[in-house]
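Chemist: I'll drop the sequence and a predicted model, then ask my questions.
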Amino acid sequence: MRASSASTAARRAAVLLAAASILSACGTGPGASSGDGKSLRVQIPAGPMADRMQQVGKDFEKANPGTKVTFESVDSNSSRGPNVALLSSTATPDIGYLQRSTGVWSALLKRKQLTQIDDVWNAAGLAHKYAKSQTDYYTTNGHHYGVLYEELLIAPIYYNKAAFAKAGIPDPADHQVASVTEFESMVAKVKAAGYEGLGVGGSSPYDLGHTLDALLPTAVSKSDYQAMLTNFKPGSPTHVRYTDPGFAKVLRTIQDWQKKGIFQKGMLGMDTTQAQALFTSGKLAMLQGGNYSHADLKAAKPSFDMGWFLLPPLTKSRTTPFDAFNGDTFVIPAKAGNPGLAKKFLKFFMTDKYQVSVVAASGSLPVFTSIQPSSLSNLGDLVQQQFELSKSVGLVNIWDSTVPSTLGQAFAVPVLQKLVSGKLTPQQAAQQFQTQLEKLQSGKVSGATD
């Protein structure tokens, strides 16, 4: 108990220190918001969006004379858990950032630490601007506690065009690969040409989960996939099981790819940043990423042109769709000093204007259905291609970030890491997923009402 308490205190201290890393539009940083109705502290994810948000702060200050907006960055690892301590404390910013699927959301809701923002939704018309599935995802017992501001396309595979040319591999037609056999043949050819195969950040808290996410929609029927997104809830139909052949095939494929050398050497010891560096250095022929990683890859100025494709389907004649992550969320903590000003800021930000000039300009996809593709030239050519192809091959909600974190990402990735390292067979891993599902359905594990 004492060790656990010390660990919790250390994490909390780390979060508060991280919050002191300020990206200011103006204002004085943590503590500036004291309920005066004028000072606003806004937490934002570290990365490309941070710079773009500076202009939003300036625009808001201009539209509301006398206000001061301060932005505080939070990194991805902190946002996945430790940030919950800050967002439920009296030192909380007025607007917090979290990823909807990581357990932070459900923990804050359970503790009544989030402000209801139905008025923000009504004023911004969000129920009409989001897709129905997104509106449903952000509706809890008829109310709203957060706003989704961007969408991410998960797991396109970026490739080195020079490596493919050297290996005699043509660019994949329509960004699709017909089968696992064809994909494995492509890897064999680039390895024979002197490159490593498919880069995945095996030590990261999400990247192996994205491999599963990319393969799962074509391994099971469409109706079974939809069932998997909701059957964790008590009372849901239980005929779809994780020990069924389709899910087991996904696990077997991932383990096979490790055994066959499809992944880069040392994959389990590399995070996504290290895998990206291996790719941009020219040593790795392919890299699993997302629309969100394109900007970082370009910024590294690789000496080769890039292309992209989707992983092959696991069922013959199926077309691989895009996985869509809908989780990047702004919330107003219950202990925020200036909740009224925070609501005013969210109404100001959640507009078509900033969907284009901030979200799209940062390399992410706008989440509003009202945004037309013709207005998104600032995404970059490859991401624009991904966005356009998603209109024809379709989008599915990403599995590991739609189900609760106690079954999805936080639970799944450690199981996949054991699977890849040979500590679990596909059958054993499948049974662990099924057991966890049954615990959720019975209410023995939290997250059943996420």
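Modeler: Okay, I see it.
Chemist: assumed Met286 was part of a strand.
Modeler: Yes. According to DSSP: H, G, I helix; E, B strand; the rest coil, Met286 belongs to a strand.
Chemist: and the gap between it and Leu310?
Modeler: Relative to Leu310, Met286 is positioned 12 Å away (Cβ to Cβ, to the nearest Å). C-betas here are computed from N, CA, C, even on glycine.
Chemist: report the set of residues contacting both of the two.
Modeler: Counting by Cβ atoms under 8 Å, 6 or more residues apart in numbering, the residues touching both Met286 and Leu310 are Ile157.
Chemist: for those two, indicate the residue with more neighbours.
Modeler: Using other Cβ atoms under 10 Å, the more surrounded residue of Met286 and Leu310 is Met286, with 28 against 24.
Chemist: touching, that one and Ile157? I think so.
Modeler: Yes. Using Cβ atoms under 8 Å, Met286 is in contact with Ile157, at 5.2 Å.
Chemist: can you pull the residues that touch both of these two?
Modeler: By Cβ under 8 Å, 6+ apart, the residues touching both Met286 and Ile157 are Leu198.
Chemist: what's near enough to touch the residue positioned nearest the centre of the chain?
Modeler: Closest to where the C-alpha atoms of the chain average out (Cα atoms, centre = their mean) is Phe325, at 5.1 Å. Contacts for Phe325 were tallied using Cβ under 8 Å, 6+ apart; they are 101, 151-154, 290, 398, 401.
Chemist: just the residues you listed: which has the poorest pLDDT?
Modeler: In terms of pLDDT, the lowest of the contacts of Phe325 is Ser101, showing 73.
Chemist: would you mind measuring from the nearest residue to that one once chain neighbours are set aside to Pro93?
Modeler: Distance criterion Cβ to Cβ, 6 or more residues apart in numbering; nearest residue to Ser101, sequence neighbours excluded, is Ser401 at 3.6 Å. For Ser401, the distance to Pro93 (Cβ to Cβ) stands at 23 Å.
Chemist: same question for Ala285.
Modeler: 42 Å.
Chemist: list the buried residues for the longest strand anywhere in the chain?
Modeler: The strand that spans the most residues within the chain, counting by DSSP state E, is strand 152-160. By neighbour count on 16 or more other Cβ atoms under 10 Å, the buried set for strand 152-160 is 152-160.
Chemist: burial measure for Lys132, as a count.
Modeler: By other Cβ under 10 Å, neighbour count at Lys132 equals 9.
Chemist: what's the answer for Ser421, then?
Modeler: For Ser421, using other Cβ under 10 Å, the count is 12.
Chemist: ok, back up a step: residues contacting the nearest residue to the residue nearest to the centre of the chain once chain neighbours are set aside?
Modeler: In space, Phe325 comes closest to Leu152 once its chain neighbours are excluded; the distance is 4.2 Å by Cβ to Cβ, 6+ apart. Going by Cβ under 8 Å, 6+ apart, Leu152 touches 290-292, 324-325, 328, 364-365.
Chemist: what about stretch 430-449, average pLDDT?
Modeler: Stretch 430-449 carries an average pLDDT of 86.
Chemist: tell me which residues are up against that stretch.
Modeler: Contacts to stretch 430-449, defined as Cβ under 8 Å, 6+ apart, come from residues 103, 106, 110, 140, 231-234, 236, 238, 241-243, 247-248, 251, 404-407, 411-412, 415, 424.
Chemist: tell me where the stretch 151-300 of the chain has strands.
Modeler: With DSSP state E, counting those that start in this stretch as the definition, the stretch 151-300 of the chain shows strands at residue ranges 152-160, 196-199, 284-290.
Chemist: among those strands, which is nearest Gln134?
Modeler: Nearest to Gln134 among the strands of the stretch 151-300 of the chain is strand 152-160 (12.7 Å), distances taken as Cβ to Cβ.
Chemist: what strands line up against that closest one, and which way round?
Modeler: Neighbouring strands of strand 152-160 in its sheet, by DSSP bridges, are strand 284-290 (antiparallel), strand 306-309 (antiparallel), strand 322-325 (antiparallel).
Chemist: can I get the ones you listed in TSV including distance to Gln255?
Modeler: Output for the strands paired with strand 152-160, formatted as TSV (distance: least, Cβ to Cβ, whole Å):
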stretch	distance to Gln255
strand 284-290	16
strand 306-309	22
strand 322-325	21
